[in-house]
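> A structural model of the following input is requested.
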Amino acid sequence: MSVRKLAIALYLLSLMALSFSILLVPGKNGDTLNTSDSGFFFGIAREIDERNGFVEKYSLSHAPSGWSITLTDQGQPLMLVMLYRALHSLDRDVDLLGVCKLWSPLLLALSLLPAFLVGRELWGEVAGAVAALSLALMTDLIYWCKVGAFDREALQTLLTLWTIFFSLKMFKSRSLPSACWWGGLMAATLGLFALSWSGWWYLLPVIFLAPLLGVGVRFLERLWKERRPGEAILSSTKEHLPQFLGLLLSLVLLEAFLYFSGEGRLDHWKGIILGVWGYLPPSLSLAAGTGMVMVGLYFWWETSKLKSRIGLGWLLFSLAVGALVVWAWSSRVEGLVFPRYASEMKPFNSWGEIFPQFYRGIERSGDLVLLLMVPGFLALLWRRRTTDFLPFLWLFVLAGLVWPGTGQARFIRQWWSFVAVMVGVGVGVLFSSLKRISVEAWAPSLDWTKATLLLAVCGVVVLSPFASNAYTHAERVTPPTDWEIRGLNRGLVETFLWLKENSPENSVVAIEWSYGHLLTGVSERRSVCDGVEVSAREGEWENDPLRYPVRPPDYIYVVQGNHALLRGLNLQRESWRVNGRRTDVQWFPLMGVEELKWYLKAYDNYGCRIDYLVFHLEQYWEAYYYKNRDAPLSKVWDAKRLFTRPRTIPTRGEGEWVFDFSENRKAVVLRDNGEVYLRTEGGNLYLDGVAYIFLDEKGKPQDINFIPSSTVDVRETLVVFIRGENMVGVWLVEGVSEAIGSIPDPVGLLAFTNPTSLPYLERVYQSSNGMVLLFKVDWERLVA
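Predicted structure coming up:
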């Protein structure tokens, strides 16, 4: 091994150690399945290990039916089990969870190698070195790749970079054997990708359009020089022929891989084609497809004049694309539009929000990222090799995934590899330009050994803040369970471990869906709902158990136009009726004792008998504010409005306000002590009470203070709106004191303050920090 290669190897190993150490830092805040889907995929891995093969259902999700899973959910769990068994054969103390905790840091560290290779293929070793460093110090990935995380982001990053690297090597091939070799490796990588993530195919347009774009550019260049269309087409096509054949072979191998794994069905490819088609608006997709057909026919026509068999290939290409365009256009179905309720599904507001994400903590890091990427794009555009078009297509696809106003914020994670590579290319371009200028100006006197050392020292000085920022950011990374209340994660994990040791294996546990995967992953007990979901239309799921095995579904929707409105999200939840698993379980802490009893019986009727309920401190505060703010506000807001403004300006007397609403409500008096009455000639008639509603600057209700009257003569309530210190509105509504007084104490409140008042619930565990309570349902008392 040469000194140069040894130095590169040591550099990459050092970066891997650096990356690994950064991702271990958040472990002190929680290192157990602490990202959104970690518990789900770990649970699948555990069942694969127990059953010694793929599973059709994840038994712990959505009791009692379980959750049907495809192979795209089992690739990463299978790889984890294979790694675990290999390590376990060497050391019997190694367990599956221990390997799982280090999975993401390990894969992210290994991703630095293909990051270096991709950067080197595009613009040399300096570009590769900076690309690997950029990925290692990126802060946006720390949460998703930290110790204890078992989401798929680390694996997606690794497979994306290897796919791009193999495609670059294939595009550089000038012989058929070489192109087929690299195409085969690319197909194998995409096959693993397909088993690991349903969105694996987002790279296919990048890979397949790059050589087509290369042919088009070469054709235009040669046409400009020679003015002979047929010969320009032939020479351009022959130059890229190995690449096309390599792509064709990779597609055949990929389909074979998918077929034997059970994913190579026609409807699978149909979904991919329609997904690519739907990337652009229908009119633009039709125009792009038609344009490709016309170009292919033109190429066939010109080459047929030269009696070349290559023209037949372009004819077949045109027919294939034309058939796909017609099929995709005719297969369009105007589907229902579902709301984006999760924060990661919502779009960015502007491009200015996107680039600062990658290196948060560094001031103006977004501007720096853009500044470093621009030279790389300009240099690639100037050089115009086939491989140089791939980053542009890569950017085009990624831009659509996060397009402000329409894309989804979660796809920013697909940008990690791209940003790291293009920052590396940009720095590589700047370095090569600086080196060229230096050689031309000072070549006779320049000692390049010292110059390289000086550049290395300068690089360390410049990058030290980025390394420090990565460690600082990692220190602040906590599990999502600790985002609102610090310490909740510890309480939940303790509770789930108690469940694992002290409850029957077939127990069903109700906890809000956000924490369902953590529950199933740690406790090995079944959940009512968790991070995976199914929605069903109202009136259909009740009568079709074969189509909807998960009963009730997570969300129940009604259709208005082409929009699906979810109960509990777009539509108001209704009490004493099934609104969907997620909605109902989310409301368990806010229900009264009798209403919760009704829901437990209702779910039991669907075969989902809930054995345990988990309540935590955050839900206590939700229940407290529901009882004392939200529910009273709702009662006042829903009351019949008799008058929404006085006839005249309210008058201020000594210790009182007087309001004139109508002839028979001419003097409604509000005393400063909260007494409210109607002054009449026959005496004072006391109203039902007064509700002070406090508004924010935008006029949105923030709080309420309801003062009931001890004596009620008129069943009406005075509503006073206050913003800041000013009275800004007055209503007179039908009396609400009885409605507010009848609001039951929420179960989530009683669980912490008076658990003995829950007749059919028994508290069986409390976490050491008191933040989490576990209640067992006493079904004998409940049904008595």
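> what is the longest helix anywhere in the chain packed up against?
Selection of the longest helix in the chain by residue count, based on DSSP state H, yields helix 103-136. Using 3 or more C-beta pairs under 8 Å, 6 or more residues apart in numbering; DSSP states H and E as the contact test, the elements touching helix 103-136 are helix 3-24, helix 142-145, helix 153-172, helix 365-383, helix 386-401, helix 415-442. From N, CA and C alone the C-beta is placed, and that goes for glycine too.
> how about these, which one is nearest Gly98?
The minimum distance between Gly98 and the helices and strands packed on helix 103-136 falls on helix 3-24, with 13.6 Å, by C-beta to C-beta.
> just the angle for the helix or strand following that closest one relative to helix 153-172, thanks.
Following the chain from helix 3-24 toward its C-terminal end, the next helix or strand by DSSP states H and E is helix 38-51. Interaxial angle of helix 38-51 relative to helix 153-172 (axes from the mean of the first three to the mean of the last three C-alpha atoms, to 10 degrees): 80 degrees.
> any idea which of the helices and strands packed on helix 103-136 scores lowest on pLDDT?
Set side by side, the helices and strands packed on helix 103-136 show their lowest mean pLDDT on helix 415-442, which sits at a mean of 85.
> now distance to Ser634 and mean neighbour count too, for the helices and strands packed on helix 103-136, in CSV please.
Output for these, formatted as CSV (distance: least, C-beta to C-beta, whole Å; neighbours: other C-beta atoms under 10 Å):
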stretch, distance to Ser634, mean neighbour count
helix 3-24, 45, 16
helix 142-145, 36, 24
helix 153-172, 40, 25
helix 365-383, 42, 17
helix 386-401, 39, 19
helix 415-442, 42, 20
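> quick one: closest of those helices to Thr290.
Short answer: helix 386-401, nearest of the helices and strands packed on helix 103-136 by C-beta to C-beta, at 19.0 Å.
> what packs against that closest one?
Secondary structure elements in contact with helix 386-401, counted by 3+ C-beta pairs under 8 Å, 6+ apart, are helix 103-136, helix 153-172, helix 204-226, helix 365-383, helix 415-442.
> let's see it at 10 Å
Using 3 or more C-beta pairs under 10 Å, 6 or more residues apart in numbering; DSSP states H and E as the contact criterion, the elements in contact with helix 386-401 are helix 103-136, helix 153-172, helix 204-226, helix 229-260, helix 365-383, helix 415-442.
> closest to Phe338 out of the helices and strands packed on helix 103-136?
Checked against C-beta to C-beta, the stretch from these lying closest is helix 386-401, at 18.0 Å.
> as CSV, could you dump the C-alpha coordinates of the closest one?
As requested, C-alpha coordinates have been extracted for helix 386-401 and formatted as CSV (Å, rounded to 0.1, in the frame of the first residue of the first chain):
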residue,chain,number,x,y,z
THR,A,386,-22.0,12.0,-18.3
THR,A,387,-21.2,11.6,-14.6
ASP,A,388,-21.4,15.4,-14.2
PHE,A,389,-25.1,15.4,-15.0
LEU,A,390,-26.0,13.1,-12.2
PRO,A,391,-25.7,15.7,-9.4
PHE,A,392,-28.0,18.0,-11.3
LEU,A,393,-30.7,15.3,-11.7
TRP,A,394,-30.1,14.3,-8.1
LEU,A,395,-30.8,17.9,-7.0
PHE,A,396,-33.9,18.1,-9.3
VAL,A,397,-35.5,15.0,-7.6
LEU,A,398,-34.6,16.1,-4.1
ALA,A,399,-35.9,19.6,-4.7
GLY,A,400,-39.3,18.2,-5.5
LEU,A,401,-39.4,16.2,-2.3
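> now it, how far from the centre of its chain.
Here helix 386-401 is found 22 Å from its chain centre; the criterion is C-alpha atoms, centre = their mean, to the nearest Å.
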